[in-house]
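Next comes the sequence, and after it the predicted model I'd like to discuss.
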Amino acid sequence: MQTSTASNDMAATEAQGKKRKPRGDWIPTNYDLRDTWFPVSHSRDVTSRPIRRIIHAQPYFLWREGGQPMASEFHPTQLQSMMGAASALTGGSGLYPVVERYGYVWAWYGNPDNADQQLLPHIPFLPLDGDIPGYTQRTVRFDAASALSVENLLDLTHADFLHANTIGDGISESDVVEVEWTSETVTRTRIVTQKSVAPIMRWVGGVRAKYQDFRAVLHVHLRSNVCISYPRFRPGYDVPNLQPFLPVGKHRSRCDVTFNTTAAPSPFRYLMPRINYIIQPQDNSVVRPQNQRYFEQPEQRDLHSRFDAPGTRYRLLMEKLAKRQREGDFSYGSDADPGRDIAALLGMDG
Amino acid sequence: MSSSAWWASALSEAVNGERPLPVVYDGEELVLFRNTKGQALALEDRCPHRRVPLALGCVVGDAVQCGYHGWIFDGTTGACTAIPNLHADERVPPRYAARAYPVAEQNGFVHVWLGDGEPSDSLPAASYQPRGREFTGSAVVSLQHDEYLAVMLDGPECLIDFEGVKITDFFLGDPIRRENHLVLDRGAVWTTQLLPANFVVDYPLILRTSVPLVGGDIRVDLLTAEERLICSVFVASGANRRRTTSLCWRGFMHDHDVEGAPLRWRAMRAARRPPFTVSSEIDGAQIAALLVAPSRDLTVLRQQSRIPATAAV
């Protein structure tokens, strides 16, 4: 795993930029990464009645047979008759590899021969059997491609600015950002001391202190856009959450979130998972026009500040992974182990 | 190709120092606002950091602040002057900037220079000299800009209505070129007259439309048969996204008695009713039924008037 810490020297960043060979700007709408598990639905939403999800342009019909989840590219009533039109993504069977874990139905996107449960991400704060109260789970939709939605989540300064009324402003005594990465993941750790207490924690969580410290770790799986987040507020609570961005084409993404706030007091534990209903429209107001503009031929490439380090690292890694897949290499690198235990990485044992 | 020109892009009163105003003219997405001195400014409506429209942000002093990450751009130069949370000893690289456009204001319109090279001195709205009470508005209409200009010659009744007046489709001659405009007169009658317009020997009213060969400034005048101006309207138009057209307009009544005007029309003017309405919803069937007539000249001349971008540098 490689790491970096945000530098204070904007000029140095600028100088590095001048030395680099010019290349095209990042296009977040072009990623179609394969051979990965996508959490296509909350488990509770999959019943005997089929529902439809989309990954890129590929339909995923989900239902249960004998309590077991099934995933097909055809509606189950048409499965037999349509079998002849089955794609390579189901190996001609019409059925995707599927597994149920952490309260989600995970379906494989890629060559079904490579589907391996060892490649499922480890999510230490969610029960394997998915036994978690319904109030922790919500669905939100973003008006942007999944990669842009992930970058928005990795992005720090916009939260201080755009979501100040819920999450809090960016004023603090100290604010350190570290980025670690492998060929398959990027991890952002933000350590803030003496920050103004987040409004939701003050008004709903009952935290009466003026300032609080927090350590927020966000672990992103590049192929699947699975974002595993562990923010810890002191005084305050841990708000572990999973935000998997399902790529619903080039313009939209769907996020079936789980906020495990079961250890937090009421009413915070019930309201915090619903914060996305406030955050999402705020984010959509900016990512919606932003997404469209990545389809236009830009005269200028995006500019960056040192606060964008996690996002620029994400862009770089996504480009590398996409390039590798374009060349026909869908394997996981030697440094990648999606299923490894990340409890320590998230700071859960601290 | 570029139609190097000033574009009247907004009504002066729509541009303020509190909320940035997004407009699209000649296909350029712009954000307009005023600095602390009240001077109107224009930047491209695109933050160079993450491409988000700057119009979603707010005006801060002489600058606009992006609503996504809070980067601040000077309204005059476009330079990024601040990035939130930078330390005092950190500097923003000088090349960090949004594109800034020259702006000039005259006769109630904010003009933005969207062409190449140095801006010229003459502004489109210079010819509009309002007197007395004005009637104003703005809209985006579902008609391509070139078509909007063409319809203004072929059938202005589809785009503008003068209360109590029926605009006929009898052109009084072919369009005449006057500097950078094509000017066309057509007959008009009072709607209160008993006989249909076909029976009129001489039209009591004239509608004069003046359509630009460069830019988007349209002028529509209602005159008496004696060529005395009754009402003048200046419509600033320009290409918006998805083949729509941005409009903003101002108009006024000339302060003299209109001989032969119906009593009802006089009463409406006394009641200060708007004398005209610029259509913000256009009837597609009406447009489709229009014959392409005087606008044939416009299409040719407007194409010839375009200046290659490379030649203007």
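Noted; the coordinates are in hand.

quick one: the strands in the stretch 201-313 of chain B?
For the stretch 201-313 of chain B, the strands defined by DSSP state E, counting those that start in this stretch cover B:205-212, B:217-224, B:229-239, B:245-253, B:276-278.

Report the buried residues of the shortest one.
Going back to what we said before, that points to strand B:276-278. B:276, B:278 (16 or more other CB atoms under 10 Å in any protein chain shown). (C-beta placed from N, C-alpha, C; glycine too.)

quick revisit: indicate which one of the strands of the stretch 201-313 of chain B is closest to chain A.
strand B:229-239 (15.8 Å; CB to the nearest CB).

thinking again about what came up before, mind putting the strands of the stretch 201-313 of chain B into TSV with distance to B:Pro262 and mean pLDDT?
Putting the strands of the stretch 201-313 of chain B into TSV (distance: least, CB to CB, whole Å; pLDDT from 0 to 100) gives the following:
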stretch	distance to B:Pro262	mean pLDDT
strand B:205-212	11	97
strand B:217-224	13	97
strand B:229-239	13	97
strand B:245-253	15	98
strand B:276-278	16	98
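
Including distance to A:Thr193, could these go into TSV?
TSV is the format used below for the strands of the stretch 201-313 of chain B (distance: least, CB to CB, whole Å):
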stretch	distance to A:Thr193
strand B:205-212	61
strand B:217-224	59
strand B:229-239	52
strand B:245-253	50
strand B:276-278	59
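
I'd like the ones you listed written out as JSON lines, with distance to chain A added.
Conversion of the strands of the stretch 201-313 of chain B to JSON lines gives the following (distance: least, CB to the nearest CB, whole Å):
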{"stretch": "strand B:205-212", "distance to chain A": "27"}
{"stretch": "strand B:217-224", "distance to chain A": "28"}
{"stretch": "strand B:229-239", "distance to chain A": "16"}
{"stretch": "strand B:245-253", "distance to chain A": "17"}
{"stretch": "strand B:276-278", "distance to chain A": "28"}
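
With B:Leu159 as the reference, name the closest of those strands.
strand B:276-278 (7.0 Å; CB to CB).

State the paired neighbours of that closest one in the sheet, together with their directions.
Counting by DSSP bridges, the strands paired with strand B:276-278 are strand B:160-162 (antiparallel).

what's the spacing between the residue nearest the centre of chain A and chain B?
Geometric centre of chain A, nearest residue: A:Cys227, 3.0 Å, by CA atoms, centre = their mean. Applying CB to the nearest CB, to the nearest Å, the value for A:Cys227 to chain B is 19 Å.

so who does that residue touch?
Under the criterion of CB atoms under 8 Å, 6 or more residues apart in numbering or on different chains, the neighbours of A:Cys227 are A:150, A:153, A:218-221, A:242-245.

what pLDDT, on average, does the helix or strand containing it get?
Using DSSP states H and E, A:Cys227 sits within strand A:226-234. On average, the pLDDT along strand A:226-234 is 95.

from the chain's centre, how far out does that strand sit?
In terms of CA atoms, centre = their mean, to the nearest Å, the centre of strand A:226-234 is found 12 Å from the chain centre.

Sketch out the low-pLDDT regions of the chain for me.
If you meant another chain, say so; for now it's chain A. Along chain A, the model assigns pLDDT under 70 to residues A:1, A:4-24, A:168, A:170, A:297-299, A:350.

Actually, chain B is the one I wanted.
Ranges of chain B meeting pLDDT under 70: B:1-4, B:194, B:306-313.

This completes my enquiry, with thanks.
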